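Visitor: Fold the following.
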Amino acid sequence: MAVRLIAAIDVGLIMQVVYVSLAASIVVPTAFALVVRESGRSAEARRKGEGGAAAIHLALAVVFFAAFAAIVVVGVVTMLKKD
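Guide: Predicted structure coming up:
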């Protein structure tokens, strides 16, 4: 009885999927968590009357949100790109 090979498996591509998925599952939630943390710190500093610290935390939240949005856009563009 002969065994027929239905499809060739490229182990390199499978490993690429694995490490990109692991990296994405760490980077994306971390970026958004930083947005939430800095937004909270900004609100807390504002309540305490520390305007300078509130502004710094707000700026950091905006930077982290821009990074998060860029990561999401790059991911969507990569998924939709046809080679």
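
Visitor: Remind me which helix or strand the residue most central in space within the chain belongs to.
Guide: Among the residues of the chain, the one closest to the centroid is V28, at 2.0 Å (Cα atoms, centre = their mean). Per DSSP states H and E, V28 falls inside helix 11-47.

Visitor: Spatially nearest residue to R46, not counting backbone neighbours?
Guide: Spatial nearest neighbour of R46, excluding adjacent residues (Cβ to Cβ, 6 or more residues apart in numbering): A54 at 4.2 Å. All C-beta spots, glycine's among them, are computed from the backbone N, C-alpha and C.

Visitor: chain center to stretch 69-81: distance?
Guide: In this view, stretch 69-81 has its centroid 10 Å away from the chain centroid, taken as Cα atoms, centre = their mean, to the nearest Å.

Visitor: With just CA atoms, put that stretch into CSV.
Guide: Provided in CSV are the C-alpha atoms of stretch 69-81 (Å, rounded to 0.1, in the frame of the first residue of the first chain):
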residue,chain,number,x,y,z
ALA,A,69,-3.2,51.8,16.7
ALA,A,70,-0.1,51.5,14.5
ILE,A,71,0.4,47.9,15.5
VAL,A,72,-3.2,47.1,14.7
VAL,A,73,-3.1,48.8,11.4
VAL,A,74,0.1,47.1,10.4
GLY,A,75,-1.4,43.7,11.4
VAL,A,76,-4.6,44.3,9.4
VAL,A,77,-2.7,45.6,6.3
THR,A,78,-0.4,42.5,6.5
MET,A,79,-3.4,40.2,6.7
LEU,A,80,-5.1,41.8,3.8
LYS,A,81,-2.0,42.1,1.6
